[in-house]
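**Student:** Sequence first, predicted coordinates after that:
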Amino acid sequence: MYISASGMEKEVSEEVSENKEPLLPERERDDVETEAEEKEFSKADLLNRFLAKFIDFLIIGALGTAIKAPVGSMAALTYSLIADGFFEGRSLGKKLIGLKVVNLKTGMPCNFKDSILRNIPIGLIALFVFFIPILGLILFFTVGLVVLFFESYLIYTDDGGIRIGDIFADTQVVDQQ
């Protein structure tokens with residue numbers, strides 16, 4: 001293709017310049033995208049999962065009660081949200097029991113963003129208990145326990161052990177390998 005400007009002709013390539021080309025050829029990009037979408041992990045052992053969460057709840061409770069409010073309440077809420085971003089996708093409970101959280105799209109360990117997304121339901125329960133004095137306990141025993149039982153039901157019945165928080169973050173708890 002030729003472009004003429006003020007009497008001068010210049011040949012212009014129809015190809016994209018080198019610095020704008022994708023890093024991988026198109027057929028290889030499709031393979032990478034397919035690999036990321038096809039990552040499947042086996043379901044973590046239910047007993048191990050519940051033991052790890054129990055340990056995390058003990059830590060949340062200890063932070064919320066041992067440290068004077070409102071700092072302890074904020075520490076408990078913060079831990080409940082970001083816990084799975086520590087130790088390459090493992091909260092303290094998961095690290096002790098031998099579990100980890102992975103991002104299903106990348107196959108990489110859960111990061112802090114994924115942890116916050118997947119733990120929003122648990123964080124809301126911690127919010128009820130620690131930030132709303134009397135009404136918080138009432139909300140915990142009504143709404144909070146319903147959410148916990150529903151999440152537990154999903155973990156038990158889903159083939160991958162996926163709960164609501166895992167759907168939000170596109171994550172899954174797996175046995176540490």
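**Tutor:** Ah, there it is.
**Student:** so what's residue 114 up against?
**Tutor:** Neighbouring residues of residue 114 by Cβ atoms under 8 Å, 6 or more residues apart in numbering: 84-85, 101, 103, 169-171. (Each C-beta comes from the backbone N, C-alpha and C, glycine too.)
**Student:** Mind telling me what element residue 173 is part of?
**Tutor:** Residue 173 belongs to strand 171-175 when assigned by DSSP states H and E.
**Student:** Send me the helix or strand residue 79 falls within as CSV with only the CA atoms.
**Tutor:** Assigning secondary structure by DSSP H and E places residue 79 in helix 71-82. This file holds the C-alpha atoms of helix 71-82, laid out as CSV (Å, rounded to 0.1, in the frame of the first residue of the first chain):
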residue,chain,number,x,y,z
VAL,A,71,-9.4,-2.0,67.7
GLY,A,72,-10.1,-5.6,68.5
SER,A,73,-13.3,-5.6,66.5
MET,A,74,-11.5,-4.0,63.5
ALA,A,75,-8.7,-6.6,63.8
ALA,A,76,-11.2,-9.5,63.9
LEU,A,77,-13.0,-8.1,60.9
THR,A,78,-9.8,-7.5,59.0
TYR,A,79,-8.5,-11.0,59.7
SER,A,80,-11.8,-12.6,58.7
LEU,A,81,-11.6,-10.8,55.3
ILE,A,82,-7.9,-11.1,54.4
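**Student:** Which pLDDT value goes with the most centrally placed residue in the chain?
**Tutor:** Nearest to the geometric centre of the chain sits residue 114, at 2.8 Å (Cα atoms, centre = their mean). The score at residue 114 is 95. That number is its pLDDT.
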